[in-house]
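> Predicted model and sequence below, questions to follow.
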Amino acid sequence: MDVSVFHPMAPGPVVDRTAQNVERVSQDLRSVYRSGKTKSVEWRVSQLKSLLRITTHYEKDILEALRSDLNKPELEAFSHEVYGVSSSCELALKELHRWMMPEKVKTSMINFPSTGEIVSEPLGVVLVISTWNYPFKLSLDPVIGAIAAGNAVVLKPSEVAPATSSLMSNLLGEYMDPSAVKVVEGGVPETTALLEQKWDKIFYTGNGKIGRIILSAAAKHLTPVVLELGGKCPVVVDSNIDLKVAARRIIAGKWGCNNGQTCVAPDYVMTTKEFASTLIDALSSELKKFYGKDPLQSKDLSTIINSRHFDRLTKLLDDEKISGKVVIGGQRDKANLKIAPTVILDAPEDSLIINEEIFGPLLPIVTVDKIEDCIGLINSKGKPLAAYLFTNDEKLKEEFVRNVSAGGMAINETSMHIAESTLPFGGVGESGMGSYHGKFSFDTFSHKKAVLRRGFAGDADIRYPPFTPEKVKLLKAMITGDILGISRALIGL
Amino acid sequence: MEGHSNNIDLEMEMKELRQTFNSGKTKEESWRISQLKNLMSMLVEKEDQINLALKQDLGKHPVESFRDEVGPLIKSVNYALKGLKKWMSAKKADLPLAAFPASAHLVPEPLGVVLIISSWNFPFGLSFEALIGAIAAGNAAVLKPSDLAPASSSALAKLINSYLDTKAIKVIEGSSNVARVVMTAAAKNLTPVALELGGKCPAVVDSLSSSWDQKIAMKRILSAKFGTCAGQACVAIDYILVEKKFSSTLVELLKAAILSVFGENPKESNNIARIINKSHFSRLKNLLNDPMVQASIVHGGSLDEDNLFIEPTLLVDPPVKAGIMIEEIFGPLLPIITLEKIEDSIEFINSLPKALAIYAFTNNEGLKKKISSGTSSGSIVFNDAIIQYVADSLPFGGVGESGIGRYHGKFSFDMFSHEKVIARRSFLVDFWFRYPPWNDHKLHLFRSAYNFDYLGILLIMLGLKRS
């Protein structure tokens, strides 16, 4: 393997070596890309097949690494990550030929006669910077798109999920084409060194603070960027609904997805003052069914990723402003990095938990007088990655869809919309820019080149000087598509 | 003019724009249509004023102004008016059977308040093309025209103030920014950015045998260099690549065409625009200063600083390391680089940063294929140049150094929209095995579900199958 593992804590010379190594990686990839190897269909198919093989043959190792990094329950790990990646590979293999086909377009009378098409071509050498909560899927899904589109790619997995990072580095190093697909492990020094190089696209998943740093670094090279960020995803719960089903779906979307450490997990719930206690009862009852009386003992909940995040979350819980407002849960186990599913009722506007992205198993419920008030409240915060609404009221659905801006939305469901490969997944405003999944991944790593073909026949002299009054008349008529005007001008009227 | 008072004014303007956007006014289809129709009235009624401003700033002939700015804008407004309803409508997305019962749609929504920073060479065209897209997509907008074209900038402000909704569309005048600075500033606010930049757009000219083809090709090349804002256009032909054996023929053909199109005295012909200002004039003059570059001039080369006029100039094989072959020329100097074989043009083009457009004049299908697949650029045009600018169905934009993002036609609408995903489910039908507590049984059901093995699911649930 070309690239060795760097210890993020080592000082001094390692940093210099890092910069040099990263520069070499970037240059090597560029020469390989220039050779044209990654553009060929055969190469793309072979790489996608290798990735699929890795995912199916090493499923056990992947599940183990995810258990080690996140204590992720096997079923979550399988359906969200392993299956997620293998289905993306399969889709890309099935559709690649269709995705690569140029799109023919109609051309107008001004350019008659001509033919036009839009051709997808790779951008070149791209950088994918991944994150820790779905370390396998969020690393490889973008890589699949990059490869399908014909690029050479560097993957920088998150050092916060070291077992998965190391496993991917080994497996990709062994089974993929190391001259065009590289993994660079490490922390801040490695990422900084990577960002100094010129890439043809950078794909980042993570938070807004780092997103700004990435965008600034990209600006120096005019590198286009996709940022998959987060935000506070609201769930609005109306009263006239099937409460049991809604409660289960909310629980599945919050605690069933990495124990709340998911960018599209419900961050907070909004409901009317009168419905709040009914909702809390339903949540409490379903939570017991899912995780038992003592959730800290349940094997079906992921743990908090590390002590830094554990402390961050307990700080939100121990905020004075919400003391006495915990209505479900609150239990924690620092040694095992576990926090039980916790619900807080009516945390004040200025409490920490209402203002920061929670990214954990704490769910505040915010109450309003009328359910319609939720819309204004949601719009007063930054645009979230996802927004959810549980209701049977058609009018409320329409208002919600029309007036709330978010990356994506689901009505009577949480999180599931991102599992569909036919839907683009991405944010807007603070929650990010760009999108991917399915063909959108292919598109995001492609340049869509416009191609216009003309012959030498049928040239209109009117385009060129010297400009006579007759030419002017005909030109105006042609550009504005004025058929009558054209005929008149041609006849000389 | 910059200053503290200007910043306060800007704050207030921004606040008003946000309020207008938040009120929902700009989202209404009726508002978008009324603004587009007003824009059309403006273009038709004030064509003379626009032509006058362009004559003052750039010495453009009114026909060139119509052909390159007003005309395309009329076309674009019509295209947007015609397409608006369809563009605004939600698109249904396919969902696989496993998601039943559910439905999903993609709904375009405006981004909010957008900033358009325009350029001086097509001050009306470039400002309004983007503005059409911003309005069609339902945004409020600030337009910052270039101060290098002051007459146009001032005319723009007046026209927008009289024809458009000033609570939603404002013009800010002042000094310019450049691309990297813009993107860096945008990074602080996580603002997505489209950058329409430039580059050295090459024209590969194959050895054309038919005299008709030659004649047409020459006219198109000249028009795309000297005939379009005197070469000061991002999509103008920057330099030519030709095979050595055809190069002297090419030079003769070009000289003859220059004579026939621009006459004996191009300056008097009134058919070529001026250089925008003294600073750019000096920049172009400097490109010719290098003695080896001077020596390569085969036609033209005369400069009139007082009138900011440069004669159409042809050069053959200036040194490739000279400024004229490294920087974007953006002026009426046309270097012709000769190669052993025309296929070598691909390597030459790839040695420079990716351009906004590549042009190739050839009837050789094999060469066309090689160029298209062997190079990357914003767009490629065969046997013509610049006209991709007026094709509504083709995306207009760069790649790499030539830019980020694309617009024109529906692409303008898309650029200023966020495509929001909406997934809907009913409360009926939930797979009971979706929820914890987890066990192997549920895992097996999941495996079957994901393989779309419905029979398998049924059998497992009936206890008739074990995995």
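Now that the structure is in, tell me what you want to look at. Numbering: from 1, shown residues only, chains lettered A, B, ... in the order given.

> Please list the residues of the stretch 1-150 of chain B that sit near chain A.
Taking CB under 8 Å from any CB of the partner chain as the contact definition, the stretch 1-150 of chain B meets chain A at B:22, B:24, B:61, B:63-64, B:66-67, B:71-72, B:74-75, B:78, B:93-96, B:99, B:102, B:104, B:106-107, B:109, B:111-112. To be clear about C-beta, it is placed using only N, CA and C from the backbone, and glycine gets the same treatment.

> Among the residues you listed, which lie within helices?
The helices, defined by DSSP state H, take in B:22, B:63-64, B:71-72, B:74-75, B:78 from those.

> Derive a PyMOL selection command for the buried subset of the residues you listed.
Here is the PyMOL command that selects only those of those that count as buried (16 or more other CB atoms under 10 Å in any protein chain shown):
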select buried, chain B and resi 63+64+71+72+74+75
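
> need the ones in helices among the residues of the stretch 1-150 of chain B next to chain A in CSV with distance to A:Leu484, can you?
Converted to CSV, those look like this (distance: CB to CB, whole Å):
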residue, distance to A:Leu484
B:Asn22, 45
B:Val63, 21
B:Glu64, 25
B:Gly71, 17
B:Pro72, 21
B:Ile74, 16
B:Lys75, 17
B:Asn78, 16
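
> Next, format the ones in helices among the residues of the stretch 1-150 of chain B next to chain A as JSON lines and append pLDDT.
Shown next, in JSON lines, are these (pLDDT from 0 to 100):
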{"residue": "B:Asn22", "pLDDT": "93"}
{"residue": "B:Val63", "pLDDT": "89"}
{"residue": "B:Glu64", "pLDDT": "90"}
{"residue": "B:Gly71", "pLDDT": "92"}
{"residue": "B:Pro72", "pLDDT": "92"}
{"residue": "B:Ile74", "pLDDT": "94"}
{"residue": "B:Lys75", "pLDDT": "93"}
{"residue": "B:Asn78", "pLDDT": "94"}
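
> Most widely separated two among the ones in helices among the residues of the stretch 1-150 of chain B next to chain A?
B:Asn22 and B:Val63 (44.0 Å; CB to CB).

> Which strand residues bridge the residue of the stretch 1-150 of chain A at minimum distance from chain B?
In the stretch 1-150 of chain A, the residue that lies nearest chain B is A:Val105 (3.9 Å; CB to the nearest CB). When bridges are called by DSSP bridges, A:Val105 pairs up with A:Gly116.

> got the CA coordinates for stretch B:436-449 in PDB?
The C-alpha trace of stretch B:436-449 is given here as PDB (Å, rounded to 0.1, in the frame of the first residue of the first chain):
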ATOM      1  CA  PRO B 436     -36.300  -2.800  18.000                       C
ATOM      2  CA  PRO B 437     -35.900  -4.800  20.100                       C
ATOM      3  CA  TRP B 438     -33.700  -6.500  17.500                       C
ATOM      4  CA  ASN B 439     -33.200 -10.200  17.000                       C
ATOM      5  CA  ASP B 440     -32.000 -12.500  14.300                       C
ATOM      6  CA  HIS B 441     -35.500 -13.100  13.100                       C
ATOM      7  CA  LYS B 442     -35.900  -9.500  12.200                       C
ATOM      8  CA  LEU B 443     -32.500  -9.300  10.600                       C
ATOM      9  CA  HIS B 444     -33.500 -12.200   8.300                       C
ATOM     10  CA  LEU B 445     -36.600 -10.400   7.400                       C
ATOM     11  CA  PHE B 446     -34.700  -7.300   6.600                       C
ATOM     12  CA  ARG B 447     -32.300  -9.200   4.400                       C
ATOM     13  CA  SER B 448     -35.200 -10.600   2.400                       C
ATOM     14  CA  ALA B 449     -36.900  -7.200   2.200                       C
END
